[in-house]
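Peer 1: pasting a predicted model and its sequence here:
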Amino acid sequence: MFLLTTVLMTLAVGQADNRPNILLIYSDDHSAAAVGAYGSRINETPHLDRLASEGMVFDNAFCTNGICAPARAVVLTGLHSHLNGVRDNGGRLDQSKETFPRLLKAAGYNTAIIGKWHLKDNPVGFDHWEVLPGQGHYYAPDFITPEGKVREPGYVTDLTTDKSIDWLEEDWDRDRPFLLMCQNKAPHRGWMPGPDHLTRYDGTVIPEPNTLFDDWSGRTRAASEQEMTIDRHMYEYYDLKVPPLDPDAERQGPDRWMDNILARMSPEQREAWEAAYGPRNQAYREAGLSGDDLHRWKYQRYVKDYLRCIASVDDNVGRLLDWLDENDLADNTIVIYTSDQGFFLGEHGWYDKRFMYEPSLRSPFIVRWPGTVKPGSRDAHLVQNLDVAQTFLDVAGVPAPESMQGSSLVPLLKGESPGDWRESIYYEYFEKGIHAVQPHYGVRTDRYKLMYFPELEAWELYDLQNDPDEINNVTGQSDYQQVESRLRSELERLRVHYLVPEAMPAAEG
Ligand SMILES: [Ca+2]
């Protein structure tokens, strides 16, 4: 009898708080074009594809401001960058704004964040936090916690998942549902593959994008004056992993950074690294490439390293899904995989992000929620990282502040198609600095995209149906006069709706 009572009491406690657990697996710069479930031509992601086959894939998921720190602030606050304090990577989160982790914690969730945080102040709203300082390192990264900074041997993507699983096993208070934000540094620049994937893609040729040799003609100066081309703006050592010829010469700038980064490795890690890159670099030197051949070689080196980083992310997604299965938690846990924004994988000849063009605007966004989301489903509504905060609050049954600017995705997750769902999204980019991308803002509908560059007083308009690669700016063309006029009005409407200041002040960054 006593035993039975205990069992019943345990069940009762479980039932008293059976709100879903929330696991957000976040990555940094993961392009949807490098996810199998999004039709990747360049890699395979079996574990992300498993998540997709058991959940819902959002085919039109976008960021609001395509750069690391601002995207994170948007996710936390459900507010556009012009309201949350983080307009560029130099911005500071406005602590007077509410965040969904704080609200979930106050509502009884056990909250944790592990991995890349990338906001200036320490995390607030978390029972547990263990984050990388700034951009963090791939090998032997430092983690900061309330107790201080610790350097961990190992590879960052594996460590971020190790620590996430450790928290679940050892610290999670099982009387409460959890919010766990497992935030990868990968595949951010540096693109340093982990020990398990150093030689992946050796001997294979990754397909090139249609626009690798784009000359940016017909577009505004912004497209031609950026500094993010694979051909001209990558550092040979830091980005492409080819060390300077003279091993004894005094190293400066990015060469010195790379020396310091490699110096973090253990002797075993360094040996594996040299075994992978040494012979490749030797072959590269002997080939004496130039012109288009060199451009192509750089693309291959870059994209393979990027995809090797993704392979570790995918492995670790698999580990987390397995852990949920083994602990009988899969059914009551909503799992979301997304990235802060997309990335250029050679499209337009570029790496990096920032621009409102599709490869960086679009993020992978996959949600598994057993019992609510139909396995293997896809959704085409226009959604944004702006919606994450209200979605999680809705999942937890916690009212969202009126001031939040997104929409809960829960109706879409249930397979509904709300009649009043947004028909356009607003985008804004402020940072003037590295990569020389002009500030801009714009609107995207299901078919068209209008962008405005205030300092150039110049517009770009794309018909995504006829021109998915965005190489024909049709602004001013008579066929598109009505479309352009309608989109300009829509852009103004969005700016009023989202409380954008009349004159968008230049960012400090
Ligand atoms: Ca990023």
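Peer 2: Nice, I can see it. Small disclaimer: the values here were computed from a predicted structure and weren't measured.

Peer 1: spell out which parts of the stretch 1-150 of the chain neighbour the ion.
Peer 2: Applying C-beta under 5 Å from the ion, we find that the stretch 1-150 of the chain lies next to the ion at 28-29, 68. Every C-beta, even on glycine, is put in place using the N, C-alpha and C of the backbone.

Peer 1: so which of these is the most crowded?
Peer 2: Ranked by neighbour count under the definition other C-beta atoms under 10 Å, these are headed by Asp29 with 31 neighbours.

Peer 1: give me the nearest residue to that one, chain neighbours excluded.
Peer 2: Once flanking residues are discounted, Asp29 sits nearest to Phe343: 4.4 Å by C-beta to C-beta, 6 or more residues apart in numbering.

Peer 1: show me what contacts the one you found?
Peer 2: If you count contacts by C-beta atoms under 8 Å, 6 or more residues apart in numbering, Phe343 has them with 29-31, 187, 306, 351-353, 359-360.

Peer 1: most neighbours among these, which one?
Peer 2: Within those, Asp29 tops the neighbour count with 31 neighbours, counted by other C-beta under 10 Å.

Peer 1: so that one touches Phe344, yeah?
Peer 2: No: counting by C-beta atoms under 8 Å, Asp29 does not reach Phe344; the two are 9.6 Å apart.

Peer 1: mutual contacts of those two, please.
Peer 2: Contacts common to Asp29 and Phe344, judged by C-beta under 8 Å, 6+ apart, are Lys353.

Peer 1: which secondary structure element of this protein has the lowest mean pLDDT?
Peer 2: Ranked by mean pLDDT, DSSP states H and E, the weakest helix or strand in the chain is helix 2-16, scoring a mean of 45.

Peer 1: past it, which element shows up next along the chain?
Peer 2: Counting by DSSP states H and E, the next helix or strand C-terminal to helix 2-16 is strand 21-27.

Peer 1: adjacent strands (with direction) for that following strand?
Peer 2: strand 178-183 (parallel), strand 333-339 (parallel) (DSSP bridges).

Peer 1: and the residue nearest to Asp29, helix, strand or coil?
Peer 2: coil (DSSP: H, G, I helix; E, B strand; the rest coil).

Peer 1: can you give me the buried ones in stretch 157-167?
Peer 2: 157-165, 167 (16 or more other C-beta atoms under 10 Å).

Peer 1: re the thing from before, pLDDT for the residues of the stretch 1-150 of the chain next to the ion - can I get that in TSV?
Peer 2: What follows is these, written out as TSV (pLDDT from 0 to 100):
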residue	pLDDT
Asp28	98
Asp29	98
Cys68	93
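
Peer 1: which of the contacts of Phe343 sits closest to the ion?
Peer 2: Nearest to the ion among the contacts of Phe343, counting by C-beta to the ion, is Asp29 at 4.3 Å.

Peer 1: quick one, what contacts the closest one?
Peer 2: For Asp29, the contacting residues are 68, 187-189, 339-343, 353, by C-beta under 8 Å, 6+ apart.

Peer 1: from those, which one has the minimum pLDDT?
Peer 2: Ranked by pLDDT, the contacts of Asp29 bottom out at Cys68, which has 93.

Peer 1: list the contacts for it?
Peer 2: 28-29, 89, 118, 135, 188, 340-341.

Peer 1: now with 10 Å, please.
Peer 2: Contacts for Cys68 (C-beta atoms under 10 Å, 6 or more residues apart in numbering) come out as 28-29, 86, 88-89, 116, 118-119, 134-135, 185, 188-189, 340-341, 353.

Peer 1: which one of those residues has the most neighbours?
Peer 2: Of the contacts of Cys68, with other C-beta under 10 Å as the count, Asp29 tops at 31 neighbours.

Peer 1: point out the residues in the stretch 201-350 of the chain that sit beside the ion.
Peer 2: So the stretch 201-350 of the chain meets the ion at Asp340 (C-beta under 5 Å from the ion).

Peer 1: spatially nearest residue to the residue in the stretch 201-350 of the chain that the ion sits nearest to, not counting backbone neighbours?
Peer 2: With C-beta to the ion as the measure, Asp340 is the residue of the stretch 201-350 of the chain nearest to the ion, at 4.1 Å. Distance criterion C-beta to C-beta, 6+ apart; nearest residue to Asp340, sequence neighbours excluded, is Ala71 at 3.7 Å.

Peer 1: now, which of the contacts of Asp29 sits nearest Ile310?
Peer 2: Distance to Ile310 across these (C-beta to C-beta) is lowest for Pro187, with 5.3 Å.

Peer 1: residues touching the residue lying closest to the closest one once chain neighbours are set aside, list them.
Peer 2: Closest residue in space to Pro187, ignoring its immediate chain neighbours: Cys309 at 3.7 Å, by C-beta to C-beta, 6+ apart. Residues in contact with Cys309, defined by C-beta under 10 Å, 6+ apart, are 27-30, 34, 138, 155-157, 184-188, 190-194, 197.
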